[in-house]
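Asker: what would the 3D arrangement of this be:
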Amino acid sequence: MAAPICLIVNPAAGGGKAGRLAPKVERRLREHGLTVRRVDTRDLEHARALGVEAAQAGETVAALSGDGMVGVLADALRSVPGAVLAVLPGGRGNDLARVLGIDENAVEACATVANGVARAMDIGEVSSSGSQRPAQAFVGIASVGFDSDANRIANEAPAWLGGLVYAYGALRALLSWRPARFEIELDPPGGDRHVFTAFSIGAANSKAYGGGMRAAPDAMLDDGLLEVVVVESVGRLRFLTRIFPKVFAGTHVNEDCVSVFRAREVSISADRPFTMYADGDPIGDLPVRVAALQGAITVLTPATGPPDPAFAAPSPLSAADATTAAVPAPPAGQTPANR
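Answerer: Numbering: from 1, shown residues only. Here you go, the predicted model:
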């Protein structure tokens, strides 16, 4: 029997989209035969408390929101044994849902809550020595530099821009951007150090951010590693015509000004103050350490994954199907018990 569902709704997500969709989503979940309790959030800390309470009560936590609240819930649920998180796209970017192959229509995505496969998923964690913020987890990509300005502008942009808000933020940020000097250390202490004059540094748990920008196309959600993506400083024209357009396909990583490293942890510092953003929200001030926490949460994924796999390991459902297929059918008139 399926666990009861706690549908946690951020009514403001997506410029109010999640709030408008919530009654339809709740109804569709019930049509799938699920027991549903809906709660609306006041803010992210309220969402955190609601998620812990629901998970401790044995409910599956279904987030109808954007990636910001999904990241906060993942951060909260990692401390609750047996917690299960389901993602329903209700924000502007919905990048984790996209990477997992969850239907972009939140009502249709209820099928994943009802019939999905539970999989262990990595999350990232940012520890900031530049502020009093406690260490906090994220599900997507934590980035800093040019991305800091772009995220801030996007968060202040009008809601009617929808998913275009992130491209808008990037283009606006480009007008006033000046390059910065960054230093990274892979798997500190004692790891490889690199210094770059760069646009941005990203520590990716997932492939995409910013409403479909495939910043780390090879990132996997279960390998225990971060894809550390460095976009070195280039002229504005080259960035605008050669780098930025390719991010949506993930082909920017083939440019000579883009470097990609893999590490379980990375430390990042810069020659001027920056705030790191993850899942669309500020998460720490430089200098920071970003770590991959392997298998830290359990998330419901579609029974049929996306064409571009999000996990390195095969689906447990696929493995079960393969095992079933390997068992020969009993002769007619016999059962597996008497053959």
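
Asker: so what's residue 237 up against?
Answerer: The contact partners of residue 237, taken as C-beta atoms under 8 Å, 6 or more residues apart in numbering, number zero. For every residue, glycine as well, the C-beta is placed using N, CA and C.

Asker: measure it to residue 174 for me?
Answerer: 10 Å (C-beta to C-beta, to the nearest Å).

Asker: and what of residue 3?
Answerer: When C-beta to C-beta is the yardstick, residue 3 and residue 174 sit 46 Å from each other.

Asker: residue 14 now?
Answerer: Plainly put, residue 14 is 25 Å away from residue 174 if you go by C-beta to C-beta.

Asker: out of these two, which sits in the busier spot?
Answerer: Legend: neighbour count by other C-beta atoms under 10 Å for residue 14 and residue 174, higher for residue 14 (24 against 16).

Asker: contacting residues around that one?
Answerer: With contact set as C-beta under 8 Å, 6+ apart, residue 14 has these partners: 66, 90-92, 159, 162.

Asker: need these in CSV with neighbour count, can you?
Answerer: Output for the contacts of residue 14, formatted as CSV (neighbours: other C-beta atoms under 10 Å):
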residue, neighbour count
66, 27
90, 29
91, 30
92, 25
159, 12
162, 15
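
Asker: can you tell me the centre-most residue of this protein?
Answerer: If you average the C-alpha coordinates of the chain and look for the closest C-alpha using C-alpha atoms, centre = their mean, you land on residue 140, 2.9 Å from that point.

Asker: my guess is that one contacts residue 212. True?
Answerer: No: counting by C-beta atoms under 8 Å, residue 212 is not a contact partner of residue 140; they are 11.8 Å apart.

Asker: shared neighbours, the two?
Answerer: residue 95.

Asker: which residues does stretch 275-286 contact?
Answerer: 44, 66-68, 70-71, 91, 93, 124, 126-128, 130-131, 133, 136, 138-144, 147-148, 151-152, 154-155, 209, 268-270, 273-274, 288, 290.

Asker: cool, and stretch 209-217?
Answerer: 67, 92-95, 98, 140-141, 143, 150, 154, 163-167, 170, 202, 204, 206-208, 227, 229, 247-250, 252-253, 260, 279-280, 308.

Asker: sitting in helices, which of these do you find?
Answerer: Assignment to helices by DSSP state H places the following of the contacts of stretch 209-217 there: 67, 95, 98, 150, 154, 165-167, 170, 247.

Asker: and which of those is nearest to residue 82?
Answerer: residue 67 (23.6 Å; C-beta to C-beta).

Asker: is the closest one in contact with residue 95, as I believe?
Answerer: Yes: proximity of residue 67 to residue 95 meets the contact threshold set by C-beta under 8 Å, at 5.6 Å.

Asker: settle it for me: which of those two has more neighbours?
Answerer: Each of residue 67 and residue 95 has its neighbours counted (other C-beta under 10 Å); residue 67 has more, 33 against 30.

Asker: model confidence at the more buried one, what's the number?
Answerer: For residue 67, the pLDDT comes out at 95.

Asker: what's the answer for residue 247, then?
Answerer: For residue 247, the pLDDT comes out at 93.

Asker: wait, residue 154 sits on residue 171?
Answerer: No: taking C-beta under 8 Å as the contact criterion, residue 154 and residue 171 are not neighbours in contact, 10.4 Å apart.

Asker: looking at these two, which one has more neighbours?
Answerer: The neighbour comparison of residue 154 against residue 171 (other C-beta under 10 Å) goes to residue 154, with 25 against 13.

Asker: list the contacts for the more buried one?
Answerer: Counting by C-beta under 8 Å, 6+ apart, residue 154 makes contact with 165-166, 168-169, 210, 280.

Asker: how about a cut-off of 10 Å?
Answerer: For residue 154, the contacting residues are 92-93, 147, 161, 164-170, 172-173, 210-211, 277, 280, by C-beta atoms under 10 Å, 6 or more residues apart in numbering.

Asker: filter those residues to the buried ones?
Answerer: Buried members of the contacts of residue 154, counted by 16 or more other C-beta atoms under 10 Å: 92-93, 147, 161, 165-167, 169-170, 172-173, 210-211, 277, 280.

Asker: of the residues you listed, closest to residue 49?
Answerer: Proximity of those to residue 49 was ranked by C-beta to C-beta; the top entry is residue 280 with 20.6 Å.

Asker: what's the closest non-adjacent residue to residue 10?
Answerer: residue 65 (3.9 Å; C-beta to C-beta, 6 or more residues apart in numbering).

Asker: before we move on, what about residue 120?
Answerer: Among residues not flanking residue 120 along the chain, residue 295 sits closest, at 3.8 Å (C-beta to C-beta, 6+ apart).

Asker: how about the secondary structure of the one you found?
Answerer: The three-state assignment at residue 295 reads strand, by DSSP: H, G, I helix; E, B strand; the rest coil.

Asker: also the one 3 residues further on?
Answerer: Using three-state DSSP, the secondary structure recorded for residue 298 is strand.

Asker: list the beta-bridge partners for it.
Answerer: Listed beta-bridge partners, residue 298: residue 120 (assigned using DSSP bridges).

Asker: now do the contacts for it.
Answerer: With the criterion set at C-beta under 10 Å, 6+ apart, residue 298 makes contact with 60, 77-78, 82-86, 118-121.

Asker: inside helices: which ones of those?
Answerer: By the criterion of DSSP H, membership of those in helices covers residue 77.
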